[in-house]
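Colleague: no FASTA, just this:
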DNA sequence: ATCAAATAGTACCGACCGGTAATAATTCGG
DNA sequence: CCGAATTATTACCGGTCGGTACTATTTGAT
């Protein structure tokens, strides 16, 4: 079918590696040498496949959000499990991802938000867009919970959504900073105590 | 007294400017050109006064922690005001600092923690040390509160301390990401609801 | 007036940055 | 088997990075 020389590396697979490099080192911290080494593609190949460094970062961040970060988020919105369970599952997934030595720790989007002081404006805007989407997902889920009577009457669902959404930021920084596992789990449990119902479930981990 | 040519710029004042550059742009993102432009000192002057870039960053971060970040932290530990008030004051001070257009937004230590993927190991260790000290300050204050009977009996003071300490991380990221003011304040109020006593004080701001 | 001391300022270093042109290699259609 | 097409690879570009040697300037002591 294709006439030319066959590709040495699948660009899809390379993108996975690129995500990890940017995730670990940030936009400025990741050099094209890092990217070529990790992806197996030479510089011109990267350029042809993804565009310049800024475009690579944008594609990497989008790929991260839609994949790694997106599926727990989709579970948060779509699962019909009790609110506390689904929230806890989401928070624990952050910690679990961090404990996996094959992936960088923290949240790529959060790292990106922090680095905004030395990033192209378009990438700052993109990072904030993904942050906003996550926040909206929490709002959606909390409003549904209120409709379903899962919250104490008179609760401000949006305020609670903003609060839980912000816990993601706290957890992302904690795992990035290698905070002791127990301290992170305690934080999750205290945060969940803002919910009605049984206080703290015994940790399944 | 001093024999040579008089200094054009006071190194103490220059350090203030250096703090802001690193705070805003990070370790990699801040170039020596940025530092010379902001401080008014030429490169050799900076080098003579502070050492290499890594030493500059270390001194800047330390200066930040002992000064800008240190005084609210000291207030947290030393103030004899009710726990809720002193915590709220600390959290609001983060938001207020962020609204001040003359200072960068977010927390320098938190930014530093996040950037750890592309930073010299010694600076990573220093950042974590300051993070740990903040966490210890919260532990100290919460234990004192428990001694004083400010917490509900049976409360785990350390868990609560870890939780409130982590709220600082969340707030730092939120203000860095330009999250709407109201959402940040709501988050603070919900977090404080983990405390016994009156629910949410009307906002003095 | 002279010299030592301390600082400012200029110019420069090698290394690496992001980005690209030019070339070599490998495939398929004819 | 030849040539068009597609990719890999090499070499290179100007610019900027962090860091430093060198020179010029301004002071106080003598």
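Modeller: Perfect, I can see it now. Quantities reported herein were computed from a predicted structural model and do not represent experimental measurements.
Colleague: which residues sit against the helix or strand bottoming out on mean pLDDT in chain A?
Modeller: Lowest on mean pLDDT, DSSP states H and E among the helices and strands of chain A sits helix A:70-78, with a mean of 91. By CB atoms under 8 Å, 6 or more residues apart in numbering or on different chains, the residues outside helix A:70-78 that reach it are A:86-87, A:89-90, A:93-94, A:133-134, A:137-138, A:140-141. In short, each C-beta sits where N, CA and C put it, glycine included.
Colleague: with those in mind, which one is nearest to residue A:189?
Modeller: Nearest to residue A:189 among the contacts of helix A:70-78 is residue A:87, at 11.2 Å by CB to CB.
Colleague: from what I can see the closest one touches residue A:164, true?
Modeller: Yes: with contact defined as CB atoms under 8 Å, residue A:87 reaches residue A:164; the gap is 6.1 Å.
Colleague: if we can go back for a sec, of the contacts of helix A:70-78 - the most surrounded one?
Modeller: In terms of neighbours by other CB atoms under 10 Å in any protein chain shown, those top out with residue A:138 at 25 neighbours.
Colleague: That residue touches residue A:169, doesn't it?
Modeller: No: look at residue A:138 against residue A:169 with CB under 8 Å: they stay out of range, at 11.7 Å.
Colleague: where do the strands sit along chain A?
Modeller: In chain A, no strands are found when defined by DSSP state E.
Colleague: Export the contacts of helix A:70-78 as CSV, with columns for distance to residue B:51.
Modeller: Shown next, in CSV, are these (distance: CB to CB, whole Å):
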residue, distance to residue B:51
A:86, 51
A:87, 47
A:89, 48
A:90, 44
A:93, 42
A:94, 38
A:133, 43
A:134, 41
A:137, 46
A:138, 45
A:140, 51
A:141, 50
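Colleague: Could you check how far the residue nearest to residue A:167 when sequence neighbours are not counted is from DNA strand D?
Modeller: Leaving aside its chain neighbours, residue A:167 sits nearest to residue A:191 (4.9 Å; criterion: CB to CB, 6 or more residues apart in numbering or on different chains). Distance of residue A:191 to DNA strand D, computed by CB to the nearest atom of the strand, to the nearest Å: 38 Å.
Colleague: tally of neighbours for residue A:191?
Modeller: Residue A:191: 25 neighbours (other CB under 10 Å).
Colleague: and it, what is it in contact with?
Modeller: A:91, A:163-164, A:167, B:163.
Colleague: of these, closest to residue A:103?
Modeller: residue A:91 (16.8 Å).
Colleague: The closest one: what's its closest spatial neighbour, skipping adjacent residues?
Modeller: Using CB to CB, 6+ apart, the closest residue to residue A:91 is residue A:188 (4.7 Å).
Colleague: Number of residues surrounding the residue of chain A found nearest DNA strand D?
Modeller: Residue nearest to DNA strand D within chain A (CB to the nearest atom of the strand): residue A:4, separated by 1.9 Å. Look at residue A:4: counted by other CB under 10 Å, it has 5 neighbours.
Colleague: That one: what's it in contact with?
Modeller: Per CB under 8 Å, 6+ apart, neighbours of residue A:4: none.
Colleague: and it, what pLDDT?
Modeller: Per-residue pLDDT puts residue A:4 at 75.
Colleague: Could you pull up phi and psi at it?
Modeller: phi -80, psi -170 (degrees, to the nearest 10).
Colleague: that older thread, give me the buried subset of the contacts of residue A:191.
Modeller: A:91, A:163-164, A:167, B:163 (16 or more other CB atoms under 10 Å in any protein chain shown).
Colleague: out of these, which touch DNA strand D?
Modeller: The subset of the buried ones among the contacts of residue A:191 lying close to DNA strand D, counting by CB under 7 Å from any atom of the strand, is empty.
Colleague: Including distance to residue A:62, could those go into JSON lines?
Modeller: Listed next are those as JSON lines, based on distance: CB to CB, whole Å:
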{"residue": "A:91", "distance to residue A:62": "24"}
{"residue": "A:163", "distance to residue A:62": "27"}
{"residue": "A:164", "distance to residue A:62": "24"}
{"residue": "A:167", "distance to residue A:62": "24"}
{"residue": "B:163", "distance to residue A:62": "33"}
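Colleague: Show me chain A divided up by domain.
Modeller: What automatic domain parsing lists as the domains of chain A is A:11-61, A:67-192.
Colleague: Let's have those in a markdown table, adding distance to DNA strand C.
Modeller: Output for the domains of chain A, formatted as a markdown table (distance: least, CB to the nearest atom of the strand, whole Å):
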| stretch | distance to DNA strand C |
| --- | --- |
| domain A:11-61 | 3 |
| domain A:67-192 | 10 |
